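S.K.: Below is the sequence, then the predicted model.
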Amino acid sequence: MLRAGGKPSPDAVHMSDCRMAGNPTKLLTREQALRAITEDGITACPYCRPDTDLGVL
């Protein structure tokens, strides 16, 4: 997904083995993934459900 101005913006947080993750991807630490889902408003993938693995309900 592209944001205005041509800068890439994340569309969702995925587990590392999720087939729904597009290219390119960026690996996140656990803390970065938690912050992305809880504070930055990035959605968790509804297929691989990283929010469940991270303990975010």
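M.R.: On my side now, so go ahead. In this text the structure is predicted, and so the values were computed from the model without any measurement.
S.K.: low-scoring pLDDT stretches of the protein, where are they?
M.R.: The chain contains residues with pLDDT under 70 at 1-8, 57.
S.K.: partner residues bridging the residue nearest the centre of the chain?
M.R.: The centroid of the chain falls nearest to Val13 when counting by C-alpha atoms, centre = their mean (1.3 Å). Beta-bridge pairing for Val13 (DSSP bridges): Ala44.
S.K.: Please list all residues in contact with it.
M.R.: Residues in contact with Val13 (C-beta atoms under 8 Å, 6 or more residues apart in numbering) are Leu28, Ala33, Ala36, Ile37, Ile42, Thr43, Ala44, Cys45, Pro50, Asp51. From N, CA and C alone the C-beta is placed, and that goes for glycine too.
S.K.: what do you get for Thr43?
M.R.: Neighbours of Thr43 in contact, by C-beta under 8 Å, 6+ apart: Asp11, Ala12, Val13, Ile37.
S.K.: Good, wrapping up.
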